[in-house]
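# Let's see this in three dimensions:
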Amino acid sequence: MSFKKIIVSLDDSELSKSVFTRSLEMALVQGGSLMLFHCLTHENLGEPMVAMPVDLGMSAAAVDYTFVSQYRHMETQIERGREMLRHYCDTAISQGVPAEFDFKIGEAGESLCQLAKSWGADLVVVGRRGRTGLAEAFLGSVSNYVTHHAPCSVLVIQHAPESEAEPVAASSAAEPAVNS
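Okay, the predicted model is just below:
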């Protein structure tokens with residue numbers, strides 16, 4: 001099976017580096033192209049503040065400051081997401097892989113599935129942090145949603161638990177000295 005149009009779901013985690021690397025390798029081997037995707041959820045941005053009447057004890061200046069502060073936070077998060085996508089896109093292009101990116105604000109799983117359909121993707125690559133039980137129930141699982149709703153194949157890159165992670169290389173001070 002050949003995957004020519006690969007969507008890569010990215011965020012600012014260490015796991016995303018593995019997701020990108022594996023996706024890039026597949027695209028190189030199979031002559032595919034990448035659509036790099038990042039979604040900011042409403043939880044990432046913070047809940048929008050409901051307009052508070054001044055009668056509830058908040059001064060107009062405090063309400064205004066809160067709105068301005070939230071807006072700046074949102075702008076910063078959006079710019080960070082776009083910059084991350086630009087970086088990954090430039091990396092793919094420098095390796096000879098056609099790449100573009102898309103950025104949305106909303107529900108990540110739904111947005112990924114919609115993009116997969118509209119772009120005509122052959123494969124969606126997502127990371128899985130390994131949440132289970134209540135954590136998955138309350139926080140949701142993008143990989144679970146995409147696996148069950150995507151219109152194409154899905155590759156889930158599993159986050160390696162710390163105990164299974166590759167050991168960190170010993171520092172040079174711990175290496176035996178070599179006499180010349």
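
# just for the protein, where's the confidence low?
For the chain, the stretches with pLDDT under 70 are 42-58, 63, 130-140, 160-180.

# At which residues are the helices of it located?
14-30, 42-45, 60-94, 108-119, 133-139, 142-149 (DSSP state H).

# what packs against the longest one?
Other elements packing on helix 60-94 under the criterion 3 or more CB pairs under 8 Å, 6 or more residues apart in numbering; DSSP states H and E are helix 14-30, strand 33-40, helix 42-45, strand 99-105. Heads up, the C-betas are built off the backbone N, CA and C, glycines and all.

# could you redo the last one with a cut-off of 6 Å?
strand 33-40, strand 99-105 (3 or more CB pairs under 6 Å, 6 or more residues apart in numbering; DSSP states H and E).

# what angle sits between the last one and helix 60-94?
Here strand 99-105 runs at an angle of 160 degrees relative to helix 60-94 (axes from the mean of the first three to the mean of the last three CA atoms, to 10 degrees).

# Show me which residues of strand 99-105 are buried.
99, 101-102, 104 (16 or more other CB atoms under 10 Å).

# which outside residues touch that strand?
34-40, 81-82, 85, 89, 92-93, 111 (CB atoms under 6 Å, 6 or more residues apart in numbering).

# out of the buried residues of strand 99-105, which one sits closest to F67?
K104 (22.9 Å; CB to CB).

# so what's the closest one bridging to?
C39 (DSSP bridges).

# any idea how far M35 is from it?
K104 sits 12 Å away from M35, going by CB to CB, to the nearest Å.

# Repeat that for E25.
16 Å.

# Counting neighbours, go ahead and name the busier of the two.
M35 (22 against 12; other CB atoms under 10 Å).

# residue contacts, the more buried one?
7, 100, 119.

# before we move on, the earlier item: distance to I157 added to the helices of the chain, as CSV?
Shown next, in CSV, are the helices of the chain (distance: least, CB to CB, whole Å):
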stretch, distance to I157
helix 14-30, 5
helix 42-45, 21
helix 60-94, 15
helix 108-119, 14
helix 133-139, 17
helix 142-149, 9
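
# what's the closest of the ones you listed to S2?
Nearest to S2, of the helices of the chain and by CB to CB, is helix 14-30 at 5.2 Å.

# if we can go back for a sec, and the helices of the chain: which comes nearest V156?
helix 142-149 (4.9 Å).

# Pull stretch 21-34 out as PDB, backbone CA atoms only.
The C-alpha coordinates for stretch 21-34 follow below in PDB (Å, rounded to 0.1, in the frame of the first residue of the first chain):
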ATOM      1  CA  THR A  21      10.200  12.200  11.500                       C
ATOM      2  CA  ARG A  22       8.300   9.000  10.700                       C
ATOM      3  CA  SER A  23       5.900  10.800   8.400                       C
ATOM      4  CA  LEU A  24       8.800  12.500   6.600                       C
ATOM      5  CA  GLU A  25      10.600   9.100   6.200                       C
ATOM      6  CA  MET A  26       7.400   7.600   4.700                       C
ATOM      7  CA  ALA A  27       6.900  10.500   2.300                       C
ATOM      8  CA  LEU A  28      10.600  10.200   1.200                       C
ATOM      9  CA  VAL A  29      10.300   6.500   0.500                       C
ATOM     10  CA  GLN A  30       6.900   6.600  -1.100                       C
ATOM     11  CA  GLY A  31       7.300   9.800  -3.000                       C
ATOM     12  CA  GLY A  32       4.500  11.400  -1.000                       C
ATOM     13  CA  SER A  33       3.600  14.900   0.100                       C
ATOM     14  CA  LEU A  34       2.800  16.100   3.600                       C
END
